[in-house]
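In: Starting from these lines, generate the structure:
(2 chains)
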Amino acid sequence: DTGVSQDPRHKITKRGQNVTFRCDPISEHNRLYWYRQTLGQGPEFLTYFQNEAQLEKSRLLSDRFSAERPKGSFSTLEIQRTEQGDSAMYLCASTQDSFSGNTIYFGEGSWLTVV
Amino acid sequence: SQKIEQNSEALNIQEGKTATLTCNYTNYSPAYLQWYRQDPGRGPVFLLLIRENEKEKRKERLKVTFDTTLKQSLFHITASQPADSATYLCAPASGGSYIPTFGRGTSLIVHP
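Out: Below you'll find the predicted structure:
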């Protein structure tokens, strides 16, 4: 399967710990998004990359959050000093480009529970 | 501020009927609008995209309309089946960064 892959699928961590999620997009997709979704809500935009450049960050992305996409391939999302409010599903998505409205492919998400 | 509204209450219909889901947006001028399906615990799956200069788009049993004057998109599933039961998300994307912004979704339940 060559879809968007996310790892780990589930993570339980204690408050105050750091966590990192990895996303492997579909190869040759130059745009990569991170979203966060809580129960009963739609996905909320966090940030996106065009190749290796991080072009936009949401106000939701506090300074405890950092994302990288070295060499324009896989991406990581790190949350430092986790808080209970960070508990959510973190979704990664990729697309060839967005200007013509190409299909965006989502991964299955990484579930984070902060206890 | 930008707002996307989808029916928060679940839509219950009988198998074989047409389901119609609504997406209204305010303070937006989307270049296009997408519809996704999401099953519990899974990531969203792209269904259809409609551009601002298109009134209607069809794909098999799915039909999307886009009225930029009313600032509304309607999503129709004809001859609905229990397997169509899921949450449906609309996501307009404005020009510039073209970042899809999602509504909270509407849950569709198709009863056999």
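
In: what bridges to B:T26?
Out: Beta-bridge partners of B:T26, counted by DSSP bridges, are B:K3.

In: Specify the local secondary structure of B:Y28.
Out: coil (DSSP: H, G, I helix; E, B strand; the rest coil).

In: How about the contacts made by it?
Out: B:Q2, B:K3, B:I4, B:K71, B:P92, B:S94 (CB atoms under 8 Å, 6 or more residues apart in numbering or on different chains). C-beta here means a position set from N, CA and C on the backbone, and glycine is covered the same way.

In: The first one reaches B:P30, doesn't it?
Out: No: counting by CB atoms under 8 Å, B:Q2 stays clear of B:P30, with 9.8 Å between them.

In: out of the two, which sits in the more crowded spot?
Out: Neighbours per residue, other CB atoms under 10 Å in any protein chain shown: of B:Q2 and B:P30, the larger number sits with B:P30, 25 against 12.

In: Pull the number of nearby residues for the closest residue to A:P43 other than its chain neighbours.
Out: Leaving out its chain neighbours, the residue that sits closest to A:P43 by CB to CB, 6 or more residues apart in numbering or on different chains is A:Y35, at 3.7 Å. Look at A:Y35: counted by other CB under 10 Å, it has 27 neighbours.

In: Distance of A:Y35 relative to A:G107?
Out: A:Y35 sits 10 Å away from A:G107, going by CB to CB, to the nearest Å.

In: which residues does A:S73 contact?
Out: Applying CB under 8 Å, 6+ apart, the residues near A:S73 are A:D24, A:P25.

In: Can you name the helix or strand that the residue nearest to A:P43 falls in?
Out: Here A:Y35 sits within strand A:31-37, counting by DSSP states H and E.

In: Same question for B:S107.
Out: Assigned by DSSP H and E, B:S107 belongs to strand B:106-111.

In: buried stuff in stretch A:43-57?
Out: Of the residues in stretch A:43-57, A:P43, A:E44, A:F45, A:L46, A:T47, A:Y48, A:F49, A:Q50, A:Q54, A:K57 count as buried by neighbour count, 16 or more other CB atoms under 10 Å in any protein chain shown.

In: got the CA coordinates for that stretch in PDB?
Out: Extracted C-alpha coordinates of stretch A:43-57, given in PDB (Å, rounded to 0.1, in the frame of the first residue of the first chain):
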ATOM      1  CA  PRO A  43     -10.000  18.300  11.500                       C
ATOM      2  CA  GLU A  44      -8.400  21.600  12.500                       C
ATOM      3  CA  PHE A  45      -5.400  22.800  10.400                       C
ATOM      4  CA  LEU A  46      -2.100  23.000  12.200                       C
ATOM      5  CA  THR A  47       0.600  23.500   9.500                       C
ATOM      6  CA  TYR A  48       1.700  22.700   6.000                       C
ATOM      7  CA  PHE A  49       4.800  22.200   4.000                       C
ATOM      8  CA  GLN A  50       5.500  22.800   0.400                       C
ATOM      9  CA  ASN A  51       8.500  20.400  -0.200                       C
ATOM     10  CA  GLU A  52      10.800  21.100   2.800                       C
ATOM     11  CA  ALA A  53       9.500  24.700   3.500                       C
ATOM     12  CA  GLN A  54       7.000  25.200   6.300                       C
ATOM     13  CA  LEU A  55       4.800  27.900   4.700                       C
ATOM     14  CA  GLU A  56       2.000  28.400   7.200                       C
ATOM     15  CA  LYS A  57       1.200  27.600  10.800                       C
END
